[in-house]
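Enquirer: This is a predicted model, with the sequence first.
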Amino acid sequence: MDLIIGTQSMGEHVISSGHLAQVGGFLAGVLMAMAIGHGHEAKLGMLRKKVMDRFNDGGQWEKAISSLKKLEEMAPEDGGLQRDFARLHARQKKKKEAMLHYRKAVEAYYKKDNIEAAKTILEHVEALKAPMAIQVHLKVARELVNEGHKKEARKVMLAALRRQVENSVPFEQAISFYVLLLLDLGEKKEAKRAYGIFKKRFPKSEEDKKILGSVSKPAGSIFPVKEVASPHKEQAAAEDQADREPGFGGMSLETAVDPWFVPAWFILFTAFIVLDKAGVLPGAAVMGLAGLGWQVLILAVAIFATAQRKFSVVQLLVSFIKEKIAEAKAKRKEQAEAEDEDDEDDDEEEGEEVLEEDPEADQS
């Protein structure tokens with residue numbers, strides 16, 4: 001199908017060897033765009049992985065820290081790098097240093113990639129058996145809710161509230177937010193239990209009015225999702241736009257990444273040469289040779305460009321394919337969760353009131 005579309009687009013103009021050879025630019029465009037967009041980040045990620053693998057194999061802690069410090073000079077605000085620092089310190093039971101670097105990682109991710117910020121917080125809790133400051137959990141959870149990642153926000157809040165002992169203003173704000181979040185998610189039983197703890201600890205809280213005013217609201221209406229920029233959404237939008245933009249010869253980038261596209265054109269160009277030799281299409285060999293030559297040249301340029309970044313074409317393609325597979329799996333998971341939530345909502349339509357509307361009754 002791609003081959004037919006390509007030949008039709010060329011049929012609208014005067015066919016020349018240069019026009020046919022333009023098709024070779026598609027593959028180069030894909031590779032170069034990937035190299036530019038992912039080159040530096042991928043290179044840093046590969047170096048980080050190499051350092052951590054070396055540490056895991058030989059346990060050379062001091063050398064690993066020294067190597068990471070050199071990488072830090074290249075990217076002082078890289079969240080992944082700070083998280084690697086934290087992991088090394090945590091494995092060496094250096095809790096204070098690990099906490100510092102986990103906090104730096106969250107600061108690097110905050111508002112830029114809140115999903116990674118959430119993962120870092122949960123990793124901190126698991127590795128160090130302690131939450132971060134409850135204010136950190138709360139601010140990241142609020143951003144996650146704004147982006148529509150409410151279940152991730154729930155996990156972040158629960159990790160902090162499970163280990164909170166002393167009453168404080170931040171804890172009051174956190175647990176009231178958590179109750180509202182549970183109501184928004186439709187988790188009425190959990191909301192009732194959390195509200196009981198809230199009332200016991202903060203019987204005169206001003207937040208109580210806000211909670212009671214939200215009890216009758218339908219799920220999803222307490223925290224309506226706002227359209228905000230996020231790296232995941234921006235990347236998806238950019239890729240979607242790139243797929244729709246026309247390339248050379250009126251074809252699209254989507255055509256270029258089709259695995260059948262490149263072999264098809266190599267076969268076409270070779271067919272020109274064969275037809276010329278057979279006398280069926282005199283002069284076609286020139287166009288065929290020009291097309292093959294152009295594709296080889298473009299591939300060579302792409303390989304050279306990526307080699308300059310010390311990142312091979314094979315590694316680049318593997319990284320790209322893995323990313324696409326991960327995105328597809330995540331999308332299927334979100335769809336499955338959405339279907340499960342719809343089923344739960346249907347079962348709970350005739351459920352009872354969850355929170356007590358009489359504060360005095362709760363206190364008793």
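Expert: In hand now; what should we look at? Numbers count the residues shown, from 1 in each chain.

Enquirer: Poorly predicted segments of the protein, please.
Expert: Along the chain, segments meeting pLDDT under 70 span 1-59, 61, 164, 226-266, 284, 287-288, 292, 295-319, 338, 340-364.

Enquirer: domain parsing for it?
Expert: 2-11+231-345, 134-229 (automatic domain parsing).

Enquirer: Could you list the buried residues of stretch 81-91?
Expert: The neighbour-count check on stretch 81-91 (16 or more other CB atoms under 10 Å) flags 81-90 as buried. Yep, even glycine has a C-beta here, placed from its N, CA and C like the rest.

Enquirer: Check stretch 146-165 too.
Expert: Burial within stretch 146-165, assessed by neighbour count using 16+ other CB under 10 Å, is assigned to 146-150, 152-161, 164.

Enquirer: on that earlier part again, could I get the buried residues of stretch 81-91 as TSV with distance to Tyr102?
Expert: Formatted as TSV, these follow (distance: CB to CB, whole Å):
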residue	distance to Tyr102
Leu81	12
Gln82	8
Arg83	7
Asp84	11
Phe85	9
Ala86	4
Arg87	9
Leu88	12
His89	9
Ala90	8
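
Enquirer: want to throw the residues you listed into CSV with secondary structure?
Expert: Written out in CSV, the entries for the buried residues of stretch 81-91 read as follows (DSSP: H, G, I helix; E, B strand; the rest coil):
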residue, secondary structure
Leu81, helix
Gln82, helix
Arg83, helix
Asp84, helix
Phe85, helix
Ala86, helix
Arg87, helix
Leu88, helix
His89, helix
Ala90, helix
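
Enquirer: Before we go further, Lys111 is sitting in a strand, right?
Expert: No: with three-state DSSP as the criterion, Lys111 is assigned coil and is not in a strand.

Enquirer: Determine which two of the buried residues of stretch 146-165 are furthest apart.
Expert: The largest separation in the buried residues of stretch 146-165, counting by CB to CB, is between Gly148 and Gln164 at 26.1 Å.

Enquirer: quick one on the thing from earlier: return the closest of the buried residues of stretch 146-165 with respect to Ala219.
Expert: Set against Ala219, the nearest of the buried residues of stretch 146-165 by CB to CB is Lys150 (10.1 Å).

Enquirer: ok, for that closest one, nearest residue in space, not its chain neighbours?
Expert: The shortest distance from Lys150 to any residue other than its chain neighbours is 5.9 Å, reached at Leu185 (CB to CB, 6 or more residues apart in numbering).

Enquirer: Surely that neighbour is in contact with Lys151?
Expert: Yes: the pair Leu185 and Lys151 passes the contact test of CB atoms under 8 Å, sitting 7.3 Å apart.

Enquirer: ok so, going back, narrow the buried residues of stretch 146-165 to those in helices?
Expert: The subset of the buried residues of stretch 146-165 located in helices under the criterion DSSP state H comprises 146, 150, 152-161.

Enquirer: Closest to Lys277 out of these?
Expert: After measuring these against Lys277 - CB to CB - the closest member comes out as Glu152, at 62.9 Å.

Enquirer: show me the contacts for that closest one.
Expert: Residues in contact with Glu152, defined by CB atoms under 8 Å, 6 or more residues apart in numbering, are 115, 118, 144.

Enquirer: got those residues as CSV, with neighbour count columns?
Expert: Output for the contacts of Glu152, formatted as CSV (neighbours: other CB atoms under 10 Å):
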residue, neighbour count
Ile115, 17
Ala118, 23
Leu144, 24
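
Enquirer: Between those, which sits nearest Lys210?
Expert: Closest to Lys210 out of the contacts of Glu152 is Leu144 (19.6 Å), distances taken as CB to CB.

Enquirer: Kindly confirm whether my reading is correct that the closest one touches Asn114.
Expert: Yes: under the criterion of CB under 8 Å, Leu144 is in contact with Asn114, at a separation of 5.2 Å.

Enquirer: State the number of residues packed around Ile65.
Expert: Number of residues near Ile65 (other CB atoms under 10 Å) recorded here: 17.

Enquirer: same deal with Gln92?
Expert: A count of neighbours around Gln92, defined by other CB under 10 Å, yields 14.

Enquirer: State the distance from it to Leu122.
Expert: In this structure, Gln92 lies at 21 Å from Leu122, with CB to CB, to the nearest Å as the measure.

Enquirer: Then Gly279?
Expert: For Gly279, the distance to Leu122 - CB to CB - is 71 Å.

Enquirer: more neighbours, the two?
Expert: Between Gly279 and Leu122, counted using other CB under 10 Å, the more crowded position is Leu122 (17 against 7).

Enquirer: Wait, a helix at the more buried one?
Expert: Yes: the assignment for Leu122 (three-state DSSP) places it in a helix.

Enquirer: Now do it against Ser221, distance only.
Expert: When distance is defined by CB to CB, Leu122 is 27 Å away from Ser221.

Enquirer: go on, Tyr178?
Expert: Look at Tyr178 and Ser221: by CB to CB, they are 17 Å apart.

Enquirer: more neighbours, those two?
Expert: Summary of the neighbour comparison: Tyr178 and Ser221, criterion other CB under 10 Å, with Tyr178 having more neighbours (26 against 10).
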